[in-house]
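Colleague: kindly return the folded structure for what I paste below:
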Amino acid sequence: MSEFHEKNVQEEVSELETKSATAARLFDIRRIIGGLFALYGVIVTIAGLTASDADIDKAEGVNINLWTGLGMLVLGLFFLTWLKLRPTAPPTPPVEK
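Modeller: Below you'll find the model as predicted:
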């Protein structure tokens, strides 16, 4: 019976390690930062595309929303690409002695 118990414990430990690695990848800060910058970049870019002449004149003739939105979008896509190319490595299991 102790062999069966040890096998169950080992299965539970490996399952928890898998869940931990999945949670680590899910909450990777690059995903959060990239997603937020991309989302806000799209919103601000749309605001820049629909800006009136009065809004542009307030900013000395520069469509600041358009340029800021595009910059935010590029930064967000950079973070998401970085995440895709260099994913978080799963944690290594401790060495048993």
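
Colleague: what's the local residue count around residue 43?
Modeller: Neighbour count for residue 43, taken as other CB atoms under 10 Å: 14. C-beta here means a position set from N, CA and C on the backbone, and glycine is covered the same way.

Colleague: I misspoke; the intended subject was residue 27.
Modeller: The tally of other residues near residue 27 (other CB under 10 Å) stands at 10.

Colleague: and the pLDDT for it?
Modeller: Looking at residue 27, its pLDDT is 74.

Colleague: touching, residue 51 and residue 65? I think so.
Modeller: Yes: applying CB atoms under 8 Å as the test, residue 51 and residue 65 come out as touching, 5.7 Å apart.

Colleague: tell me which helix or strand of this structure sits lowest on mean pLDDT?
Modeller: helix 2-26 (a mean of 65; mean pLDDT, DSSP states H and E).

Colleague: can you name the next helix or strand after that one?
Modeller: Per DSSP states H and E, the first helix or strand lying C-terminal to helix 2-26 is helix 29-49.

Colleague: just checking, next helix/strand downstream of that following helix?
Modeller: Next along the chain from helix 29-49, counting by DSSP H and E, comes helix 53-58.

Colleague: so what's the most centrally placed residue in the chain up against?
Modeller: In the chain, the centroid-proximal residue (CA atoms, centre = their mean) is residue 31; its distance is 0.5 Å. Contacts for residue 31 (CB atoms under 8 Å, 6 or more residues apart in numbering) come out as 79, 80, 83.

Colleague: residue 78 versus that one, what's the distance?
Modeller: Relative to residue 78, residue 31 is positioned 13 Å away (CB to CB, to the nearest Å).

Colleague: same question, residue 30
Modeller: Taking CB to CB, one finds residue 30 at 9 Å from residue 78.

Colleague: related to what we said a few turns ago, out of the contacts of residue 31, which is nearest to residue 40?
Modeller: Proximity of those to residue 40 (CB to CB) peaks at residue 79, which lies at 12.5 Å.
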